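1. coordinates for the following, if possible.
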Amino acid sequence: MSSFKKVLFLSPIPPPAGGIATWTKRIIQNGLPNNFEIAIVNTKVIGKRRVFADSINLFSETKRLLKIIIKLFRQLMFSDIKIVHINTSCAKLGLIRDYLCLLVVRIHKKPVIIHCRCNVDDIIPNYNKFIKNIFLKMINGASLVLVQNNPSLSYIKKNTNIIPILFPNFISDEIFLENSEKRIINEKISRVLFVGGITDNKGVSEILAASLYFPHIEFRLVGDISEKYEKNIDINQNVTLVGEKNYEDVIVEMKNADLFLFPSYSEGFPNVVLEAMALGLPIIASDVGAIPDMIDQYGGILIKKGSSLDIVSSLRILEEDYEKRTQMSIYNKNKVRKEYLYSKVSKNLVYIYEEVIKKS
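-> Residues are numbered from 1 along each chain as shown. So this is what the prediction gives:
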């Protein structure tokens, strides 16, 4: 009899790229300890939705759902699955699909983990009663629930009988070790970096407003540029819209920056902030999602979302305090080493699997 234990992921894998898909791909690439094998039912978007997120065709979505359900049945029938891990983005149609998948898993009497890869308290309250009930039924039907941040945890505790577990994202040990040396902090801030979609909900308009106060600093914005900003000819001279970069090039951008700025309106557990921490960048970021827990009060300055004045005042503080930036850099690298390396996070994940399997 095989000593391997098989976990089945219901999760997207690239292409297209995305936070959940990238997380899943890296788990598959790195593997899991304690003799856990990974099986996958790919829930990625297809057709036009790969390009246009709002382009939904009910026929194609139903066809996609049936394919996922059939693949799930086959895995549960013909593979020795010990536990199922459902990554949910909390999108409307995704919640219905994930709930139906949970019911299928329950028919086969397998333990199932629901992993909320979203800022639950930002998303679920805006849905109609039907979708909210689907979400709550799914949470109540799970063997265990994982969330990415305290606001999500609080929402679920308040609206169900479930107490979720906070579970962080990770960075690969290799990336951290390759950049493990102490970061050299420049006396002056000459380059501020943002990485993410060049859109209003990522705080880009606030970055542009704040940049007017710092003509001597270059603001580099890396990421897919929305149509609004592609057509904007009034971008300040000290702002560079770089466009999309691959992972390796983003790391290079971080190495060349003096500070990481991330004034997003809503986040779950942003990998890009984790990567900036791993490279020892001081951080200015909005106090949303997991960010307050990630950087605490020691790794950066938290600002209110939508406030360009908070960006300005925080930048001025850090411009004048080289020692503070140095301490932030040291703190961020140490925190990543202690809490967010894949070797540590994956051990915690399989410990959770083993405990859930024992109780099932």
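
2. got any ranges where the stretch 51-200 of the chain has weak pLDDT?
-> Within the stretch 51-200 of the chain, the segments meeting pLDDT under 70 span 51-56.

3. rerun at 50
-> Residues of the stretch 51-200 of the chain meeting the criterion pLDDT under 50: 51-55.

4. all helices for it, in order.
-> Assigned by DSSP state H, counting those that start in this stretch, the helices in the stretch 51-200 of the chain fall at 58-78, 92-107, 120-123, 129-141, 150-159, 173-178.

5. I'd like to know which elements the fifth one is packed against.
-> Translated: helix 150-159. Packing partners of helix 150-159 (3 or more C-beta pairs under 8 Å, 6 or more residues apart in numbering; DSSP states H and E): helix 120-123, strand 144-147. Every residue, glycine included, has its C-beta placed from N, CA and C.

6. deepest-packed of the ones you listed, please.
-> Comparing the helices and strands packed on helix 150-159 by mean neighbour count (mean count of other C-beta atoms under 10 Å), strand 144-147 ranks first with a mean of 23.

7. not counting that strand itself, show me its contacts.
-> Residues from elsewhere that reach strand 144-147 (C-beta atoms under 8 Å, 6 or more residues apart in numbering): 111, 113-116, 120, 139, 153, 156, 162, 164-167, 352, 356.

8. tell me the strands beside that strand, with direction?
-> The strands beside strand 144-147 in its sheet (DSSP bridges) come out as strand 112-116 (parallel), strand 165-166 (parallel).

9. can you show me the CA trace of the longest one as PDB?
-> Same thing as strand 112-116. What follows is strand 112-116, C-alpha atoms only, in PDB (Å, rounded to 0.1, in the frame of the first residue of the first chain):
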ATOM      1  CA  VAL A 112     -13.000  19.400   2.400                       C
ATOM      2  CA  ILE A 113     -11.200  22.700   3.100                       C
ATOM      3  CA  ILE A 114     -12.600  25.900   1.800                       C
ATOM      4  CA  HIS A 115      -9.800  28.500   1.200                       C
ATOM      5  CA  CYS A 116     -11.300  32.000   0.800                       C
END
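
10. give me the contacts around it.
-> Here strand 112-116 makes contact (C-beta under 8 Å, 6+ apart) with 83-88, 90, 98, 102, 105-106, 138-139, 141-148, 152, 156, 164, 167, 268, 352-353, 356.

11. now swap in stretch 36-44 and tell me
-> 4-16, 21, 24, 27-28, 31-32, 68, 71-72, 75, 79, 81, 87, 94, 97, 350, 353.

12. and for stretch 214-225?
-> Residues outside stretch 214-225 that contact it (C-beta under 8 Å, 6+ apart): 189-198, 202, 204, 207, 211, 236-245, 250, 253, 257, 261, 312, 315.

13. just the buried members of these?
-> Buried by 16 or more other C-beta atoms under 10 Å: 189, 192-198, 202, 204, 207, 211, 239, 241-242, 250, 253, 257, 261, 312, 315, out of the contacts of stretch 214-225.
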